[in-house]
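Participant: I'll drop the sequence and a predicted model, then ask my questions.
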Amino acid sequence: MGKHIIEEASRCLQCKKPLCSKGCPISTPINEVIKLLLDGKTFEAGELLFNNNPLSVVCSLICPHENFCEGHCILGRKSAPIQVSDIENYISNYYLEHISLRKPEHANNGKKIAIVGSGPAGLTVAFILASKGFDVTIFESEDKIGGVLQYGIPEFRLPKRILVKLKKLLERLGVKIRPNMLIGPIITLDDLLRDGYKAIFIGTGVWSPKPLRIKGETLGNVHYAINYLKNPKVYSLGKRVVVIGAGNVAMDVARTARRKGAEEVLVLYRRGEENMTATKYEYEYAKIDGVSFRFYTTPLELLDDGVRCIKTEMVQDGDSSRLVQVEGSEHFIQADTMFIAASQAPRDNLSGIEVGKTGLIITNEDGRTTREGIFASGDVVTGAKTVAEAVNLSKRSAQAIMEYVATLDA
């Protein structure tokens, strides 16, 4: 065990009303976990984490802890907060190395549940339902499980060996996985219900990139960020790269491009540094990796050798402010490759359930869609959020599925 893990754990005040847990979307019982660790009960600490969040090992690496647990730690008010992420990562890895899972003998044995998509939401529901004895089948459109964890987050942030480990655990619980199976075009939701699945859970995420709708977007040196992250090695970038957007996906693309040989990577954002949707740490890491930033800059046209831009500024308009273009500030930025990182929307391959104007699936607070027996949660419902938030909603969906199936047997 690293010395700093013990030191950090020993700093915990064991608050009776821990703000760290309140700040966590999944209400992780951090103080209890730390106490078990210090009492020499590391496995029990890991079990507590895993039962609360099957993806705790993932969240320990990629959660915006500064906004959640660590950001609410009372010690952070006068000094440094406890590095909960490091403690959680150590315990979670220890637990996954020692856990022994198998499909339980249960009254739910033989009751089939279909899970469409194996991202954070789908994995969470699969673990919960399989541990309760359900016969779970995951339908994944790609060749590997993980969704955004596999194809949207770089290896240097989330080692893929973790997903291999989670897959093995699912298989031990009896979960069947059908890779390269996109539900919708050939096999439909109706087909799944026909074949005896008691309920269907949809956790397909948001994989359709949102275009800028400006001239030049179809050029050969222009790419969408989310597509690049799926397989960066097949792209030829050149020396100068421009990334348009300032969310975490944009940071991942910029940092990956640097690692893939780009000599200069410049992030353009139409607003200011304080308006970035990327977390503070991802922004800081991007700067450490040599990524440059140019704020209050909007692209007007994408060209073969770069991007034509214009400066923007915030102006007061009564009691509010608005973003406007600065007249006469047009300029050109040379680039060999340009990436568009302007958010994502769901695919439109599923039919038979109601979706909103943006394509997001309409559900109630428990993930029940407008069609009986079909549930959904995660980014395909909320839009792009954190893994912890997806896990929280998916736990509620898993409970709703179990309650629904119980009514079928009543």
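Facilitator: That came in fine, so what should we check first? Residues are numbered from 1 along each chain as shown.
Participant: rest of the way, CA atoms for contacts and neighbours
Facilitator: Will do.
Participant: determine the longest helix present in this protein.
Facilitator: Counting by DSSP state H, the longest helix found in the chain is helix 387-409.
Participant: tell me the SS of residue 88?
Facilitator: Three-state assignment for residue 88 (DSSP: H, G, I helix; E, B strand; the rest coil): helix.
Participant: quick check: chain neighbours aside, which residue is closest to it?
Facilitator: Spatial nearest neighbour of residue 88, chain neighbours left out: residue 60 (5.7 Å); criterion: Cα to Cα, 6 or more residues apart in numbering.
Participant: tell me if the one you found really is in a strand.
Facilitator: No: counting by three-state DSSP, residue 60 is not found in a strand; it is helix.
Participant: show me what contacts it?
Facilitator: Counting by Cα atoms under 8 Å, 6 or more residues apart in numbering, residue 60 makes contact with 85-86, 88-89.
Participant: tally of neighbours for residue 384?
Facilitator: By other Cα atoms under 10 Å, the residues close to residue 384 number 18.
Participant: tell me the pLDDT of it.
Facilitator: At residue 384, the model reports a pLDDT of 93.
Participant: show me what contacts residue 132?
Facilitator: Taking Cα under 8 Å, 6+ apart as the contact definition, residue 132 lies against 104, 106, 108.
Participant: from the residues you listed, which is closest to residue 140?
Facilitator: Nearest to residue 140 among the contacts of residue 132 is residue 108, at 23.4 Å by Cα to Cα.
Participant: ranges for the strands of the stretch 1-150 of the chain?
Facilitator: Under the criterion DSSP state E, counting those that start in this stretch, the stretch 1-150 of the chain contains strands at 112-116, 135-139.
Participant: out of those, which gets nearest to residue 323?
Facilitator: Of all those, it is strand 112-116 that lies closest to residue 323, at 40.0 Å by Cα to Cα.
Participant: returning to that earlier point: okay, the residue nearest to residue 88 and residue 234: tell me how far apart.
Facilitator: 30 Å (Cα to Cα, to the nearest Å).
Participant: check residue 81 too.
Facilitator: Counting by Cα to Cα, the separation of residue 81 from residue 234 is 41 Å.
Participant: more crowded one of these two?
Facilitator: Neighbours were counted for residue 81 and for residue 234 using other Cα under 10 Å; residue 81 has more, 20 against 8.
Participant: wait, the more buried one sits on residue 75?
Facilitator: Yes: using Cα atoms under 8 Å, residue 81 is in contact with residue 75, at 5.0 Å.
Participant: could I get the full set of strands for the stretch 251-400 of the chain?
Facilitator: Ranges of strands in the stretch 251-400 of the chain, per DSSP E, counting those that start in this stretch, are 264-269, 292-295, 297-303, 306-317, 320-325, 331-334, 337-340, 344-345, 374-376.
Participant: convert the C-alpha atoms of the second one to PDB, please.
Facilitator: Translated: strand 292-295. Output of strand 292-295 as PDB, limited to C-alpha atoms (Å, rounded to 0.1, in the frame of the first residue of the first chain):
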ATOM      1  CA  SER A 292      -2.800  25.800 -26.000                       C
ATOM      2  CA  PHE A 293      -6.100  27.700 -25.600                       C
ATOM      3  CA  ARG A 294      -7.700  30.600 -27.400                       C
ATOM      4  CA  PHE A 295     -10.900  31.900 -25.800                       C
END
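Participant: looking at residue 372 now. What's its pLDDT?
Facilitator: Reported pLDDT for residue 372: 96.
Participant: which residues does the nearest residue to residue 175 once chain neighbours are set aside contact?
Facilitator: In this structure, residue 175 finds its nearest non-sequential neighbour in residue 136, 5.1 Å apart by Cα to Cα, 6+ apart. By Cα under 8 Å, 6+ apart, the contact set of residue 136 is 112-115, 126, 129-130, 174-176.
Participant: residues in a beta bridge with residue 136, which ones?
Facilitator: Here residue 136 sits in beta bridges with residue 113, going by DSSP bridges.
Participant: could you check how far it is from residue 110?
Facilitator: Relative to residue 110, residue 136 is positioned 9 Å away (Cα to Cα).
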